[in-house]
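> model this:
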Amino acid sequence: HVLFFAALALAVGLLAYRRPALGVGALILCAPFAEARYFYGTSITVSKAALLGFVIALIVHRTSLRVLGERPVRALLLAFGAILTAIVLSALHAQHEDAVVRELLKWIEYAAIFAAVVVGFSYDPDDRPVWTALIAVGLFKVAAAVFQLLFGAASGVVIGGHNIPRVAGTLEGPNQFAGWLNLLLPVLFARMLSDRNPWLISSVVLCAVAEAATLSRSGIVAAVVAGVVVLIITRPSRKVGFGFAVGAVVVAGILVTLGLAIGAEARFFSFAEVPQPDHLGTRAILWAAALDLWRSSPLVGIGAGNFEFDLGMVGHPEIRTHANSLYLQALSEMGLVGFAATLFLIWTVIATYARSFSRRPLLIGVFAANIALALHQVFDYLWFFPKVGGFWAILLAIGVVEVLAARNDVGPVPEAT
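Just a heads-up that it's a prediction; the model follows:
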């Protein structure tokens with residue numbers, strides 16, 4: 001396994017040394033995989049090995065760090081710093097300091113991914129490897145989802161007497177997969193409105209179907225909102241808009257018909273909780289517990305990463321999971337300081353893109369993806385999972401480089417081939 005991770009780091013490093021844009025594409029391809037091995041309390045994963053190779057290549061290449069001083073990049077780094085500060089302060093009342101350290105290291109990893117991709121992609125802003133990697137990883141995820149539908153998924157739900165599988169791709173669960181697709185779909189969709197590449201169209205359609213197959217209500221709603229945002233900003237021509245509308249009606253009609261056939265509307269439009277295994281609990285239990293834990297340390301919280309270990313303090317010793325809400329997780333674990341830092345990060349991200357009026361597909365897609373993620377995380381805590389958080393950090397970095405490039409736009413952006 002050591003040789004595998006070393007070979008992976010070397011391969012990504014060689015690609016990045018040759019062309020940093022190729023290295024960015026490699027990071028995208030590695031993001032949704034882990035193959036974790038543990039060493040002295042920390043994990044070695046595919047994405048970490050790839051990041052190490054990428055960073056070493058940038059250092060050997062002597063790539064300039066000047067871009068990190070640009071105002072939008074500086075603002076986002078400040079927002080990352082606010083989260084890291086809140087995590088450190090949360091240790092003041094933490095019962096499990098090792099969990100705080102793990103959360104700190106996780107967010108340092110996200111910040112490092114962001115900074116490294118900003119440096120590399122600004123030096124070599126060729127988006128062709130990025131689009132190739134996004135389409136390829138989307139199609140691979142769809143293939144994994146189809147495999148689960150055919151041969152059995154790890155989770156499912158009973159609807160109208162039917163046991164319906166919930167696909168998760170290579171992620172930890174269906175909600176996490178839905179969140180990952182919330183990041184990918186808007187970016188691909190924004191590109192599809194200006195590029196009729198059949199592989200791109202296929203990836204968008206199949207990923208949309210996979211999103212529906214997760215049966216994640218918050219993920220599906222967030223994806224629809226992101227799609228609307230992309231359409232509003234892009235304002236496609238009448239011909240393109242009509243073609244999209246026809247395709248969307250056909251796909252939606254098929255999905256709705258299948259859903260009605262098994263009675264899925266009764267679950268989708270219901271606020272009732274789906275029964276969970278004892279160690280997970282429902283959102284009603286977890287959200288009430290989050291507020292109870294927050295009251296025990298309102299300012300700095302009970303400690304980042306401590307929520308799942310402290311549930312016994314509020315009467316739920318059998319449950320071991322996160323709060324199923326980013327905002328309540330931040331409030332309980334990092335108090336008002338961390339809650340404010342979380343809102344500051346989300347606001348900074350969205351405001352950075354909102355201030356840039358550009359027709360660049362990457363910029364529009366990443367903007368819509370962050371809106372989708374912010375909405376989805378009302379009902380799920382997705383940054384908890386490095387496969388989602390790392391992918392988010394990569395796209396965030398690509399998007400902010402596009403923000404900087406958009407300053408020099410004087411006309412329509414030429415399509416990449």
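> Okay, and residue 165 sits in which element?
Assigning secondary structure by DSSP states H and E places residue 165 in strand 162-166.
> For that strand, give the mean pLDDT please.
For strand 162-166, the mean pLDDT works out to 71.
> what's the next secondary structure element after that strand?
Next in sequence after strand 162-166, counting helices and strands by DSSP H and E, comes helix 174-192.
> What is that following helix packed up against?
Here helix 174-192 is seen to pack against helix 128-151, helix 198-213, helix 217-234, helix 361-376, helix 386-406 when contacts are counted using 3 or more CB pairs under 8 Å, 6 or more residues apart in numbering; DSSP states H and E. (Each C-beta comes from the backbone N, C-alpha and C, glycine too.)
> Show me what the fourth one is packed up against.
Meaning helix 361-376. Taking 3+ CB pairs under 8 Å, 6+ apart as contact, the helices and strands that helix 361-376 lies on are helix 174-192, helix 217-234, helix 326-354, helix 386-406.
> Equivalent analysis for the third one, please.
Taking 3+ CB pairs under 8 Å, 6+ apart as the contact definition, the neighbouring helices and strands of helix 217-234 are helix 174-192, helix 198-213, helix 361-376.
> Okay, now the unreliable bits of this structure?
1, 36, 38-41, 152-163, 236-280, 357, 409-417 (pLDDT under 70).
> now with 80?
Across the chain, residues meeting the criterion (pLDDT under 80) sit at 1-2, 34-44, 149-166, 168-169, 172, 196, 235-281, 356-359, 407-417.
> ok so, going back, Throw the helices and strands packed on helix 217-234 into JSON lines and include mean neighbour count, thanks.
Putting the helices and strands packed on helix 217-234 into JSON lines (neighbours: other CB atoms under 10 Å) gives the following:
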{"stretch": "helix 174-192", "mean neighbour count": "28"}
{"stretch": "helix 198-213", "mean neighbour count": "20"}
{"stretch": "helix 361-376", "mean neighbour count": "26"}
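> how about those, which one is nearest residue 68?
Nearest to residue 68, of all these, is helix 361-376, at 18.4 Å by CB to CB.
> by how many degrees do the closest one and helix 128-151 diverge?
With axes from the mean of the first three to the mean of the last three CA atoms, to 10 degrees defining the directions, helix 361-376 sits at 40 degrees from helix 128-151.
> Return the distance of helix 361-376 from the chain's centre.
In terms of CA atoms, centre = their mean, to the nearest Å, the centre of helix 361-376 is found 10 Å from the chain centre.
> any chance of the helices and strands packed on helix 217-234 in CSV, with distance to residue 116 too?
Rendered in CSV, the data for the helices and strands packed on helix 217-234 read as follows (distance: least, CB to CB, whole Å):
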stretch, distance to residue 116
helix 174-192, 18
helix 198-213, 26
helix 361-376, 17
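> deepest of the helices and strands packed on helix 361-376, which one?
Among these, ranked by average contacts under mean count of other CB atoms under 10 Å, first place goes to helix 174-192 (a mean of 28).
> Mind exporting the C-alpha coordinates of that helix to PDB?
What follows is the C-alpha trace of helix 174-192 in PDB, where atoms were taken according to Å, rounded to 0.1, in the frame of the first residue of the first chain:
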ATOM      1  CA  PRO A 174     -26.800   8.400  -0.500                       C
ATOM      2  CA  ASN A 175     -27.100  11.800   1.100                       C
ATOM      3  CA  GLN A 176     -23.300  12.300   0.700                       C
ATOM      4  CA  PHE A 177     -23.500  11.200  -2.900                       C
ATOM      5  CA  ALA A 178     -26.400  13.600  -3.500                       C
ATOM      6  CA  GLY A 179     -24.200  16.400  -2.000                       C
ATOM      7  CA  TRP A 180     -21.300  15.400  -4.200                       C
ATOM      8  CA  LEU A 181     -23.600  15.500  -7.300                       C
ATOM      9  CA  ASN A 182     -24.900  19.000  -6.100                       C
ATOM     10  CA  LEU A 183     -21.300  20.100  -6.700                       C
ATOM     11  CA  LEU A 184     -20.800  18.400 -10.100                       C
ATOM     12  CA  LEU A 185     -24.100  18.800 -11.800                       C
ATOM     13  CA  PRO A 186     -24.400  22.600 -11.900                       C
ATOM     14  CA  VAL A 187     -20.900  22.900 -13.300                       C
ATOM     15  CA  LEU A 188     -21.500  20.400 -16.100                       C
ATOM     16  CA  PHE A 189     -25.000  21.900 -16.800                       C
ATOM     17  CA  ALA A 190     -23.500  25.400 -17.100                       C
ATOM     18  CA  ARG A 191     -21.100  24.100 -19.700                       C
ATOM     19  CA  MET A 192     -23.700  22.000 -21.500                       C
END
